[in-house]
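J.: have a look; sequence and predicted model below, questions after that.
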Amino acid sequence: MNRLTDEQLDAALAECAREAIRIPGSIQPHGVLLVLSEPELIIQQISRNCASLLGQTAAALLQQPLTMLSGATAAEQVRQALLLDDLEEANPLLLEMAGRGFNGSLNRHDGVIILELEPLHDVASDNTGMLLRALRRMQAASTLDDLYTVSVDEIRRLTGFDRVMIYRFQPAGHGQVISEALGGVLPGYRGNVSPPRTFPRRRVSCIA
């Protein structure tokens, strides 16, 4: 293999730097992207791979209502999600489009709705959407307290436990429950301090 000269390498790096990766004009082929007007939910744009995943061409779907593709049920799910102040609370949406299940993700940008769809290969066991939601909420936390709150809330959502706690241990061996999420059955312990060795020191406690 021939090695690049310094001049060729500099030219290649300069060409790479000019590439507008922030506006690639394409998406990954395993998903579909739709741009919808609000509140009518008319399809203004759609990725060209829609035929392979949704069974209809882009030309057939452009300027058509979302219901033509999704049916009334999925379209109503989208409308209800758009009523929320924070769309991240709605994502992911489990939607049925063209007879198959999708994880849907909603965003607003420049006055339109962007709906991204990724096929669900096994609706009963697919946790990808829930994990993505948890990661997005954790990344959005601006303080440690916010991160603690989001963490216990999402772990409880994922596990189904009625109570999840984060327990901070001190050098002397005692500790304190600094955050918890409750399902309404078990009592809360937030703020409680335990004597040394009440809980094992080796882990943060997630207690059902």
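T.: That came in fine, so what should we check first? Numbering: from 1, shown residues only.
J.: and for Arg79, the neighbour number?
T.: Per other C-beta atoms under 10 Å, the neighbour tally for Arg79 reads 13. Every C-beta, even on glycine, is put in place using the N, C-alpha and C of the backbone.
J.: actually Gln45, sorry about that
T.: So Gln45, with other C-beta under 10 Å, has 13 neighbours.
J.: tell me the SS of it?
T.: At Gln45 the chain is in strand, as set by DSSP: H, G, I helix; E, B strand; the rest coil.
J.: hang on, isn't it packed against Ser37?
T.: No: contact criterion C-beta atoms under 8 Å: Gln45 and Ser37 do not qualify, at 10.2 Å.
J.: which parts of stretch 70-83 are buried?
T.: 70, 74-75, 77-78, 81-82 (16 or more other C-beta atoms under 10 Å).
J.: do the same with stretch 49-56
T.: Applying 16+ other C-beta under 10 Å to stretch 49-56 flags 49-51, 53-54 as buried.
J.: same question for stretch 176-186.
T.: 177-182.
J.: where do the strands sit along the protein?
T.: 32-36, 43-46, 93-97, 100-109, 112-119, 163-169, 175-182, 193-194 (DSSP state E).
J.: quick one: strands adjacent to the fourth one?
T.: Yep, that's strand 100-109 we're talking about. Sheet pairing for strand 100-109, assigned by DSSP bridges, gives strand 93-97 (antiparallel), strand 112-119 (antiparallel).
J.: ranking the ones you listed by mean pLDDT, which is last?
T.: In terms of average pLDDT, strand 93-97 trails the rest of the strands paired with strand 100-109, at a mean of 85.
J.: ok, residues contacting it?
T.: By C-beta atoms under 8 Å, 6 or more residues apart in numbering, the surrounding residues in contact with strand 93-97 are 54, 69-71, 73-74, 77-78, 81, 101-106, 117, 120, 123, 129.
J.: is Arg136 in contact with Asp86, as I believe?
T.: No: with contact defined as C-beta under 8 Å, Arg136 does not count as touching Asp86 (10.8 Å).
J.: so which of those two has more stuff around it?
T.: Shown here are Arg136 and Asp86; by other C-beta under 10 Å, Arg136 has more neighbours (15 against 8).
J.: give me the nearest residue to the more buried one, chain neighbours excluded.
T.: Glu88 (5.9 Å; C-beta to C-beta, 6 or more residues apart in numbering).
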